[in-house]
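Novice: sequence and predicted model, in that order:
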Amino acid sequence: MAAFISTENSPLSEGYRLFKLFLTSVLLFFGILPLAYIRKNLIVENELYGLFFGNYVYLAHYLLFTVLILLIVHYLIKPVPVYLGKWIIAASLCTVAVIGYINYRYTDVVHTQITVNKIADREQLRIAFISDLHLMPTSNKQLFVDMVAKINAENPDIIVFGGDIFQDSHTNVNEGYKKVFAELTAKHGVYAILGNHEYYGNDVDGNVAFIKNSGIDILHDEVLTIDGIRLIGRDDIGNKFAVTNRMSLKEIYQRDNVQASDPIIVFDHNPVSIPESIENKADLQVSGHTHAGQFFPYNLILRRMYPNVVGHKVIDGLHTIVSAGVGVGWWKIVGPWQMPYRFGTSGQINIIDVSFADPEQGKQEKQQ
């Protein structure tokens, strides 16, 4: 048996060796779990471990996918020699690494135009929405500077950061970022809501103070009114890692006398709350959090987890826009989801032009 396995080049022996490669890739894949536990609980802010972990998670996925495909081809289509399989694995991992890194570095400016059939004291509002920066000690400041320039070039009426400005804590972010934040310009100001990562550093008050000292006002279950338009910034919904005590949308409406007839725009980091906005007759919800899945196959899996994973989607009369986020990490940094790669997705700066129209006038025009 040993001689059969080690010396023969029959399809059976090649298949056995490919299967051993597959089992190895499975073990490496599930090795993500203990490494993630170490990252979360024991080595939280170590830069080298972050470099190792981020690359390990990404490449372990594609190692498993590649070996599984080779195994299927070997048994169902044509035998694959192990030496060739190893070359294919190496080429595959290099390809997904290069493409993933390029996608990670590139950020799209995505324009979306929507119409709200309610009356406001202005015809249009341009919103620049940026989410999920996940700033860390080794974040690439120049990418951040470029992002600010792109935003300002769009001449927005208001700028809103959609949460997860920090990976964990403001203490890991260079003070120089405050000056760059201060360069953002918008007629009606620069605002932010909190994401789950603002709570992960166990210093949410310090994170809030850093944001405010950067010239950004925080909408923390608060309502901002611009020319009759009600813009509601919500606290993060929270989870087992980040406990928040946010108000319900109904409570916010009651406190600030928000009427269903008002034009209502909700900013909420996590799109899981979309049904609540529908229930309360909001017109638009803008969210982040999902990173559009970051890389295949999660860009597909997340479609079953959220009402909207990325882009513009109308759900039961509610316009929803979910941003893929914009990471500004360098190649050695743990950026969004602890890795400097995107595959099947790309970063986004969202420019949203919201037009307001009298619904009665629209009905009359249709009748004519």
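Specialist: Happy to help now that I have it.
Novice: so what does the top helix by length along the chain touch, helix or strand wise?
Specialist: Secondary structure of the chain per DSSP state H: the longest helix is helix 47-76. When contacts are defined as 3 or more Cβ pairs under 8 Å, 6 or more residues apart in numbering; DSSP states H and E, helix 47-76 packs onto helix 11-30, helix 32-41, helix 82-105. To be clear about C-beta, it is placed using only N, CA and C from the backbone, and glycine gets the same treatment.
Novice: so can I have TSV of those showing mean pLDDT?
Specialist: Shown next, in TSV, are the helices and strands packed on helix 47-76 (pLDDT from 0 to 100):
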stretch	mean pLDDT
helix 11-30	85
helix 32-41	83
helix 82-105	89
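Novice: adding mean neighbour count, write those out as JSON lines.
Specialist: Converted to JSON lines, the helices and strands packed on helix 47-76 look like this (neighbours: other Cβ atoms under 10 Å):
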{"stretch": "helix 11-30", "mean neighbour count": "15"}
{"stretch": "helix 32-41", "mean neighbour count": "13"}
{"stretch": "helix 82-105", "mean neighbour count": "16"}
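Novice: okay if I get those helices as CSV plus distance to residue 111?
Specialist: Shown next, in CSV, are the helices and strands packed on helix 47-76 (distance: least, Cβ to Cβ, whole Å):
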stretch, distance to residue 111
helix 11-30, 39
helix 32-41, 37
helix 82-105, 20
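Novice: before we move on, back to that, how distant is the longest helix of the chain from the center of its chain?
Specialist: For helix 47-76, the distance from its own C-alpha centre to the chain's C-alpha centre is 22 Å (Cα atoms, centre = their mean, to the nearest Å).
Novice: name the residues of it that are buried.
Specialist: 49-51, 53-67, 70-71, 74 (16 or more other Cβ atoms under 10 Å).
Novice: and the angle from that helix to helix 32-41?
Specialist: 160 degrees (axes from the mean of the first three to the mean of the last three Cα atoms, to 10 degrees).
Novice: and stretch 294-303, what's buried?
Specialist: Those would be 294-296, 298-299, 302, for stretch 294-303 by 16+ other Cβ under 10 Å.
Novice: in helices, which of those fall?
Specialist: Using DSSP H, the members of the buried residues of stretch 294-303 that fall in helices are 298-299.
Novice: for residue 18, state which of the buried residues of stretch 294-303 is nearest.
Specialist: Of all the buried residues of stretch 294-303, the one with the least separation from residue 18 (Cβ to Cβ) is residue 296, at 22.5 Å.
Novice: residues near residue 77, how many?
Specialist: Each residue near residue 77 was counted by other Cβ atoms under 10 Å, and the total is 8.
Novice: phi, psi of it?
Specialist: phi -120, psi -70 (degrees, to the nearest 10).
Novice: and if you look at residue 345?
Specialist: According to degrees, to the nearest 10, residue 345 has phi -140, psi 170.
Novice: and the nearest residue to it once chain neighbours are set aside, what is it in contact with?
Specialist: Distance criterion Cβ to Cβ, 6 or more residues apart in numbering; nearest residue to residue 345, sequence neighbours excluded, is residue 292 at 4.0 Å. Going by Cβ atoms under 8 Å, 6 or more residues apart in numbering, residue 292 touches 299, 302, 309-310, 322, 324-325, 342, 345, 348.
Novice: adding pLDDT and distance to residue 34, write those residues out as a markdown table.
Specialist: As requested, these are exported to a markdown table (pLDDT from 0 to 100; distance: Cβ to Cβ, whole Å):
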| residue | pLDDT | distance to residue 34 |
| --- | --- | --- |
| 299 | 79 | 26 |
| 302 | 82 | 24 |
| 309 | 89 | 29 |
| 310 | 90 | 31 |
| 322 | 96 | 32 |
| 324 | 88 | 29 |
| 325 | 88 | 27 |
| 342 | 83 | 25 |
| 345 | 80 | 27 |
| 348 | 89 | 33 |
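Novice: out of the residues you listed, who's nearest residue 252?
Specialist: residue 322 (20.9 Å).
Novice: and the closest one, how many neighbours does it have?
Specialist: Counted with other Cβ under 10 Å, residue 322 comes out at 30.
Novice: residue 190: which of the helices and strands packed on helix 47-76 is closest?
Specialist: Proximity to residue 190 (Cβ to Cβ) singles out helix 82-105 among those, at 24.6 Å.
Novice: show me what the helix or strand just after that closest one is packed against.
Specialist: Once helix 82-105 ends, the next helix or strand along the chain (criterion: DSSP states H and E) is strand 107-116. Contacts defined by 3+ Cβ pairs under 8 Å, 6+ apart place strand 107-116 against helix 141-153, strand 311-315, strand 318-322, strand 347-356.
Novice: try 6 Å this time
Specialist: Packing contacts for strand 107-116, counted by 3 or more Cβ pairs under 6 Å, 6 or more residues apart in numbering; DSSP states H and E, involve strand 347-356.
Novice: got the angle for the strand it packs on vs strand 107-116?
Specialist: Using the same axes, to 10 degrees, strand 347-356 lies at 20 degrees relative to strand 107-116.
Novice: now strand 347-356 against helix 82-105, angle please.
Specialist: Going by the same axes, to 10 degrees, strand 347-356 makes 40 degrees with helix 82-105.
Novice: parallel or antiparallel, list what pairs with strand 347-356.
Specialist: strand 107-116 (parallel), strand 124-130 (antiparallel) (DSSP bridges).
Novice: could you measure from the nearest residue to residue 249 once chain neighbours are set aside over to residue 220?
Specialist: If you skip the residues right next to it in sequence, residue 249 has residue 280 as its closest partner in space, 4.6 Å away by Cβ to Cβ, 6+ apart. Residue 280 sits 18 Å away from residue 220, going by Cβ to Cβ, to the nearest Å.
Novice: would you map the strands across the stretch 101-250 of the chain?
Specialist: Counting by DSSP state E, counting those that start in this stretch, the stretch 101-250 of the chain has these strands, from start to end: 107-116, 124-130, 158-161, 190-192, 217-218, 222-226, 229-233.
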